[in-house]
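Trainee: My questions concern the predicted model and sequence given below.
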Amino acid sequence: MRPRLSSALIFALAAAPHGAAAKDKIPEDAFAATAPAPQAPPPPNGAIFQGGYVALTSGGRAGRVGDIVTIQLVERTVASKSNAAGTQRGGSLGLTPPSTGPLSLFSPSDIAMGGSNQFKGKGEASQSNQLAGEISVTIAEVYPNGTMLVKGEKLLTLNRGDERVQISGLIRAIDIGPDNRIASTRVADANIRYVGKGEIARASRQGWLQRFFSMISPF
């Protein structure tokens with residue numbers, strides 16, 4: 001009779017991948033677009049310039065909550081690391097016994113010994129990532145020092161699955177170009193996510209049972 005898996009083991013196998021996915025759970029509105037704040041009506045004080053006006057020198061450059069900024073994705077990272085080590089040690093000992101006397105019973109091979117130790121190690125690692133494209137985001141907050149929090153996402157629904165690009169971070173008004181574009185390398189504390197789901201994404205992942213045994217495998 002074949003042994004049966006206990007209910008506790010089956011529950012642990014089923015809960016392992018869900019627990020790992022819940023750890024990286026991000027709120028659904030983390031990258032949601034931000035609508036512009038309603039403008040208060042100007043006070044009827046007869047002044048020419050009222051609060052909230054936009055200077056003529058700024059043109060149409062984004063700078064308020066809800067304005068749209070286009071981020072050019074020019075991410076490229078290359079990293080490599082290598083190391084090598086080697087050690088070697090050797091030693092020998094030999095004695096020649098006298099030809100007469102009680103010690104003459106020993107032959108030179110009986111009291112000769114030697115040993116050696118050698119080690120060589122080498123390791124290499126390399127990684128390369130590249131992301132190009134454009135994504136338009138909205139300004140979520142404007143801070144007193146002039147920096148702005150931007151966030152947004154782009155969802156592409158294809159016939160074989162969905163692709164989602166999400167980004168958030170801090171930008172400076174001085175880095176925004178006249179056409180409201182800014183490079184992603186100018187985004188501070190950038191959080192860029194490129195995820196997908198569908199049959200292509202599922203085919204490129206391990207099964208949940210194989211992932212479980214990969215986590216507990218000592219090899």
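Mentor: Here it is on my side, so go on.
Trainee: show me where the chain has helices.
Mentor: For the chain, applying DSSP state H gives helices covering 7-23, 199-203, 208-216.
Trainee: The closest residue to A132 other than its chain neighbours: neighbour count?
Mentor: In this structure, A132 finds its nearest non-sequential neighbour in L73, 5.7 Å apart by CB to CB, 6 or more residues apart in numbering. Quick note: C-beta positions are derived from backbone N, CA and C, even for glycine. A count of nearby residues for L73, using other CB atoms under 10 Å, gives 19.
Trainee: Could you report the distance from L73 to R211?
Mentor: Distance from L73 to R211, counting by CB to CB, to the nearest Å: 30 Å.
Trainee: repeat for E75
Mentor: Distance from E75 to R211, by CB to CB: 27 Å.
Trainee: Counting by contacts, list what the biggest strand by length in the chain packs against.
Mentor: The residue-count maximum for a strand in the chain (DSSP state E) belongs to strand 113-142. When contacts are defined as 3 or more CB pairs under 8 Å, 6 or more residues apart in numbering; DSSP states H and E, strand 113-142 sits against strand 68-93, strand 147-158, strand 161-172.
Trainee: neighbour-wise, which of E75 and R211 wins?
Mentor: E75 (17 against 13).
Trainee: tell me the pLDDT at the residue nearest to the more buried one when sequence neighbours are not counted?
Mentor: Nearest residue to E75, sequence neighbours excluded (CB to CB, 6+ apart): L131, at 4.2 Å. We have a pLDDT of 84 for L131.
Trainee: neighbours around L131, how many?
Mentor: L131: 13 surrounding residues under other CB under 10 Å.
Trainee: List the residues that contact it.
Mentor: If a contact means CB atoms under 8 Å, 6 or more residues apart in numbering, then L131 has L73, E75, R76, I192, Y194 as its contacts.
Trainee: of those residues, closest to I174?
Mentor: Set against I174, the nearest of the contacts of L131 by CB to CB is L73 (20.5 Å).
Trainee: what sits opposite the closest one in the beta ladder?
Mentor: G133 (DSSP bridges).
Trainee: That one and E134 touch, don't they?
Mentor: Yes - the criterion here is CB atoms under 8 Å, and L73 meets it with E134 at 6.6 Å.
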